[in-house]
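[1] Whatever this is, show me its structure:
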Amino acid sequence: MKLNIPNVLTWGRISLIPLVVGVFYLPLTSLEQNLIATVAFVVAALTDWLDGWLARKLHQTSAFGEFLDPVADKLMVAAALVMLVQLGRADALLSFVIIGREIAISALREWMARIGAAKSVAVSFVGKFKTAAQMTAIPLLLWHAPLGPVDVQKLGGWLLWAAAVLTLWSMAYYLLKAWQEISALNR
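    A predicted model of the protein is given here:
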């Protein structure tokens, strides 16, 4: 593994996961816990965008980076959702749908790569939209307190519902693409 700036950012994102979860076990006020978890998650989400941009800009893409980046994303989202369920801020069913889809599509992508059809399950527009909804909902739910007239919990809950719907939509899209590819191979 070659250590470069994008990979360091990805490892940094992974290292923030215990902070997002662990802060809720520290003897801090709720406001302090929410603030630290929210800031850590937002920083991690921003590094997700930044590491990909830098990898392309600096021509530092690598097979390891392509593997580690989505793993870091899925770990970050899953850890935050599990914590939010435990805190009573996120619905367990929605969280299960989102985490389950991430595991299923990761396995599908790995399998499709093994049969030489990885491009057929490349990230789609609806997948990117789903990620945007998730990455907006989770910090709102971590923050939990109103921001002026905005009921952050309600807005975060709606966005999590939207993310779950988009999750199912994108999963159906990827499964259809994979099915088409598999059907073509069996002809």
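[2] Does residue 64 lie in a helix or a strand, and which?
    Here residue 64, judged by DSSP states H and E, is contained in helix 63-86.
[3] Of all the residues in that helix, which ones are buried?
    Neighbour-count burial for helix 63-86, with 16 or more other Cβ atoms under 10 Å as criterion, is recorded at 65, 68-70, 72-74, 76-81, 83-85. Just so you know, the C-beta spots here come from the backbone N, C-alpha and C atoms, and that holds for glycine as well.
[4] quick check: angle from the helix or strand following that helix to helix 63-86?
    Following helix 63-86 in sequence order, the next helix or strand is helix 92-114 (DSSP H and E). Put simply, helix 92-114 runs at 170 degrees to helix 63-86, going by axes from the mean of the first three to the mean of the last three Cα atoms, to 10 degrees.
[5] For the longest helix along the chain, name the packing helices and strands.
    The single longest helix within the chain, with elements called by DSSP state H, is helix 152-185. Packed against helix 152-185 by the contact rule (3 or more Cβ pairs under 8 Å, 6 or more residues apart in numbering; DSSP states H and E) you find helix 92-114, helix 125-143.
[6] helices or strands next to the helix holding residue 64 in the packing?
    Applying 3+ Cβ pairs under 8 Å, 6+ apart, we find helix 63-86 packed against helix 5-22, helix 30-57, helix 92-114, helix 125-143.
[7] For the longest helix of the chain, the averaged confidence score.
    For helix 152-185, the mean pLDDT works out to 90.
[8] tell me which residues in it are buried?
    Under 16+ other Cβ under 10 Å, the buried positions of helix 152-185 are 152-153, 155-157, 159-160, 162-164, 166-167, 170-171, 173-174, 177-178, 181.
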